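S.K.: please work out how this folds:
(chains A and B)
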Amino acid sequence: MIIGELESEVDDRSGTHTAKPRYEQGVLRGDAQEILNDPLHIVQRQSESASKSRAESPPGGGSEKLMRERSIRTNRRRRFVDCITRDDVDIAQLRKLAWNGVPHELRPLVWPLLLGYLPLPKPTRTSTLARKRREYASLVETTFSRGRDGLDQQIWHQIEIDVPRTRPGVRLWMQASTQRSLERILYVWAIRHPASGYVQGINDLATPFFQVFLGAYIESDPEDFDTAMLPDNVRMAVEADTFWCLSRLLDGIQDNYIAGQPGIHRSVKRMAELVARIDAPLAAHLDAENVEFMQFAFRWMNCLLMREISVQNTIRMWDTYLAEGTDAFSQFHLYVCSAFLVQWSKKLQDMDFQGIIMFLQSLPTQGWGDHEIELLLSEAFVHYSTWHNAQSHFGGR
Amino acid sequence: MAEGSNFDYLFKVVLIGDSGVGKSIPAVLSRFTRNEFNLETKSTIGVEFATRSINVDGKTLKAQIWDTAGQERYRAITAAYYRGAVGALLVYDISKHATYVNVTRWLKELRDHADSNIVIMLVGNKSDLKHLRAVPTEEAKAFAAENGLSFIETSALDASNVESAFQTILTDIYRIVSSKSLEQSDDPIKPTSGDTITVSHSVDAPSNQGGKCC
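M.R.: Coordinates of the predicted model:
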């Protein structure tokens, strides 16, 4: 793994903080309140810890390859830091950098900038953030002011039964405290978007944001963290930031969730047309076996492949999607889905109907790392560049 | 999946009912091998597929099962899978009365979208939750009889009766199909939209090679 940002920070730290309990409930950072007020603080912290780990690395330790990888990482990080510490962030430059992956410790700042949740000019940032969080807090207060009976029972019921089924088995998501947060996020979003309301699968989409934002305040793995340990204001900030960023993401794909789900139908249809172009033998085989794209790709669109790949993979993928802009979650995504499908072309062409469907709904992608995701994104980009502006090739069939 | 592709009859069966009643678990205990010991499964999105085979009278009956999402929003896509189905397992949760009340709505869904002679089995799931029971067995049994449905209670937790639920509905279907197999020519219902597949009921359904996966 060349761009192994995900592990770097943890590895660097484990040597220096061996006394900290690692697998119990997690560790809140000492500077959590500073980050809460100004997320730019993570950059400062980052440069401190980088120089510290450099100073502590044993002389001559590590292979040349490791040193080179570390230096590539350091360079990339420096370019990011240069970009996001400017008084007015150059969004074009940030997008360009983010396309190839965002260093994991900078995501809590970079994602909101890319989504337009945080303003690009530095001076207005902290006040905007404080205002949005207050706004969310008051939305929650008003929404739940009349207790359970005041809620839309149908929406609430669906959320209530889906929240415990969100990432089952992952400690963070099994905590009551996290589940209450997720319920509030989903319900407040649903009643503010009556055309769609809450649709199953939206719960999955909230989880990457929550984990990324939570990660800013803690030193351990977010997935093992007990959110009951968070100070109230930190928990509410993570919740509010998740809510607003999820809202922005969903704004770009609302058609996926309104009655009849026309956005998904459109994407699946275009995907089928695209696959017919880029892999005609596979398309012909699927057709001959009576496999329809709806039978497997519906979920790929509805949950943005989150049922197929890990959350870590999703987070890396979203770096690129967010860099492309929010319509990437409908447009670029269908190219990613097409590239995702055709990589199993040979295998699929040896299978019959049942084999194909069973294989596609339970893919061997659980062990994927950044490398596989980045390869997928590059392939998708090639198709995108070739076909996206060639609309006349589609729809004529 | 070493199930192979040898079978005498292939039946399409749909699994329907309210969200959260545990449709996915009783249907396909081994659908996701990685979740095998995980009681909490994720919600079904759209439609998911599974198969199950049993033997009756020395014949192998194979069911292609379409497990549908329970949420209203998915109704448009899930209803497309009713066409061509010869059986339906209509699942409710014995501890949640509302899911039983909605059985009437699901029956209407089937009447509107499925074949008129589809075999329907009413399944009261989560019978392990005895202390929380909200739907008396006798009441559901009487309702099933009135509506011409077969009836069973199952527990996904201890797998009790899950097997017999499948055994019963597949056997029922088999009896019906085999009794009129001479008069019923090979006439799979043609899908009109692109959202459905048709499973042939005939004894010589294609058994392609190389169907192994996983």
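
S.K.: skipping its backbone neighbours, what lies nearest residue B:144 in space?
M.R.: residue B:151 (3.7 Å; Cβ to Cβ, 6 or more residues apart in numbering or on different chains). (Glycine included, C-beta is placed from N, CA and C.)

S.K.: could I get the contacting residues of the one you found?
M.R.: By Cβ atoms under 8 Å, 6 or more residues apart in numbering or on different chains, the contact set of residue B:151 is B:121, B:122, B:123, B:124, B:140, B:141, B:144, B:145.

S.K.: what about it, distance to residue B:164?
M.R.: 12 Å (Cβ to Cβ, to the nearest Å).

S.K.: also residue A:219?
M.R.: Distance, residue A:219 to residue B:164, using Cβ to Cβ: 53 Å.

S.K.: show me where chain B dips below the pLDDT cut-off.
M.R.: Within chain B, the segments meeting pLDDT under 70 span B:1-5, B:25-40, B:156-160, B:181-214.

S.K.: in it, which helix has the most residues?
M.R.: If you go by DSSP state H, chain B has its longest helix at helix B:162-179.

S.K.: quick one: residue B:48 is in a helix?
M.R.: No. Applying DSSP: H, G, I helix; E, B strand; the rest coil, one finds residue B:48 to be strand, outside a helix.

S.K.: that one touches residue B:24, doesn't it?
M.R.: Yes. When contacts are counted by Cβ atoms under 8 Å, residue B:48 is listed as touching residue B:24 (7.2 Å).

S.K.: ok, and for the longest helix of chain B, which residues are buried?
M.R.: Applying a neighbour-count criterion of 16 or more other Cβ atoms under 10 Å in any protein chain shown, one finds B:162, B:165-174, B:177-178 buried in helix B:162-179.

S.K.: and those residues, which is closest to residue A:160?
M.R.: Nearest to residue A:160 out of the buried residues of helix B:162-179 is residue B:162 (Cβ to Cβ; 25.8 Å).

S.K.: any idea how far residue B:119 is from the closest one?
M.R.: To residue B:119, residue B:162 is 18 Å away according to Cβ to Cβ.

S.K.: likewise residue A:287?
M.R.: Using Cβ to Cβ, one obtains 31 Å as the distance from residue A:287 to residue B:119.

S.K.: okay, those two: which has more neighbours?
M.R.: It is residue B:119, of residue A:287 and residue B:119, that has more neighbours when counted by other Cβ atoms under 10 Å in any protein chain shown, with 25 against 12.

S.K.: excluding its backbone neighbours, what's nearest the more buried one?
M.R.: residue B:87 (4.7 Å).

S.K.: wait, that neighbour sits on residue B:63?
M.R.: Yes. When contacts are counted by Cβ under 8 Å, residue B:87 is listed as touching residue B:63 (7.4 Å).

S.K.: what do those two both touch?
M.R.: B:11, B:12, B:13, B:170.

S.K.: before we move on, the earlier item: restrict the buried residues of helix B:162-179 to contacts with chain A.
M.R.: By Cβ under 8 Å from any Cβ of the partner chain, no member of the buried residues of helix B:162-179 lies near chain A.

S.K.: turn those residues into JSON lines, including distance to residue A:253.
M.R.: Formatted as JSON lines, these follow (distance: Cβ to Cβ, whole Å):
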{"residue": "B:162", "distance to residue A:253": "37"}
{"residue": "B:165", "distance to residue A:253": "38"}
{"residue": "B:166", "distance to residue A:253": "38"}
{"residue": "B:167", "distance to residue A:253": "43"}
{"residue": "B:168", "distance to residue A:253": "42"}
{"residue": "B:169", "distance to residue A:253": "38"}
{"residue": "B:170", "distance to residue A:253": "40"}
{"residue": "B:171", "distance to residue A:253": "45"}
{"residue": "B:172", "distance to residue A:253": "43"}
{"residue": "B:173", "distance to residue A:253": "40"}
{"residue": "B:174", "distance to residue A:253": "44"}
{"residue": "B:177", "distance to residue A:253": "43"}
{"residue": "B:178", "distance to residue A:253": "48"}
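
S.K.: the stretch 1-150 of chain A: helices as residue ranges?
M.R.: A:5-14, A:32-37, A:41-56, A:64-84, A:91-99, A:107-115, A:122-143 (DSSP state H, counting those that start in this stretch).
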